[in-house]
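Visitor: Just need the structure, nothing else, for what follows:
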Amino acid sequence: MVNSFYFHGRATKKPEYKESGETKICKVNIAVGRDFKKEGQPDADFFRLDVFGKLAETFRDHIDKGSEIIVTGRIQNNNYTDKDGNKHYDNAFIVRSMDFCGSKGSGSVNVSDGGAQFTADGGDDFIPAGLDQTPFSTGGGDDFMNVPEIGEGDKLPF
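Guide: Model (predicted):
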């Protein structure tokens, strides 16, 4: 069985960050655009995300209103019965990984429960403190890869 979600949207405000003992918690709302809508329906759906641990710190430090992100995670039921005996049904979207994207910064980073992996164009907007350099070339141009042209009669190199 699969329990997962994948959202690509924008933060609607600065995340709320709290620490409770050893637990770090961040809550953020995102707007996810709809592919299709009928007359009078909203253009987007809004979801409240729960983020824990080091990933919560990353959200706190790098997400602002309007930040474009891609998040994946799992859905958890938070159903309860109140003191009057009324049942309440709620779902929590627990984030496991996040990618920065869009044009707010010149860099991009993929962040998950296990740490950060830098994946974009060498921008340093999201480099954590203490990291001296990015693990990729930032020169642009031909320094990424020099692949020779293969003619019609040439053999492939593998």
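
Visitor: ok, the helix or strand hosting Phe46: who's next to it in the sheet?
Guide: Under the criterion of DSSP states H and E, Phe46 resides in strand 44-52. Taking DSSP bridges as the criterion, strand 44-52 forms sheet pairs with strand 23-33 (antiparallel), strand 91-101 (parallel).

Visitor: could I have the first one exported to PDB, CA atoms only?
Guide: Below are the C-alpha coordinates for strand 23-33, written out as PDB (Å, rounded to 0.1, in the frame of the first residue of the first chain):
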ATOM      1  CA  THR A  23      10.900  18.200  19.000                       C
ATOM      2  CA  LYS A  24      11.100  20.800  16.200                       C
ATOM      3  CA  ILE A  25       7.900  21.500  14.500                       C
ATOM      4  CA  CYS A  26       7.100  23.800  11.500                       C
ATOM      5  CA  LYS A  27       3.700  24.400  10.000                       C
ATOM      6  CA  VAL A  28       3.200  26.100   6.700                       C
ATOM      7  CA  ASN A  29       0.300  26.600   4.300                       C
ATOM      8  CA  ILE A  30       0.800  26.200   0.600                       C
ATOM      9  CA  ALA A  31      -1.400  27.000  -2.400                       C
ATOM     10  CA  VAL A  32      -1.400  24.500  -5.200                       C
ATOM     11  CA  GLY A  33      -2.900  25.500  -8.500                       C
END
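
Visitor: contacts for that strand?
Guide: 7-13, 15-19, 43-57, 59-60, 63, 69, 71 (C-beta atoms under 8 Å, 6 or more residues apart in numbering). C-beta here means a position set from N, CA and C on the backbone, and glycine is covered the same way.

Visitor: do that again at 6 Å, thanks
Guide: 7, 9-12, 15-18, 44-53, 56, 59-60 (C-beta atoms under 6 Å, 6 or more residues apart in numbering).

Visitor: just to revisit the earlier point, in the strand holding Phe46, which residues are buried?
Guide: The neighbour-count check on strand 44-52 (16 or more other C-beta atoms under 10 Å) flags 47, 49-51 as buried.

Visitor: Switch the strands paired with strand 44-52 over to TSV; also include distance to Glu39 and mean pLDDT.
Guide: TSV is the format used below for those (distance: least, C-beta to C-beta, whole Å; pLDDT from 0 to 100):
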stretch	distance to Glu39	mean pLDDT
strand 23-33	17	94
strand 91-101	28	92
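
Visitor: Considering only helices and strands, which part of this structure has the lowest mean pLDDT?
Guide: When each helix and strand of the chain is scored by mean pLDDT, DSSP states H and E, strand 115-118 comes last, with a mean of 43.
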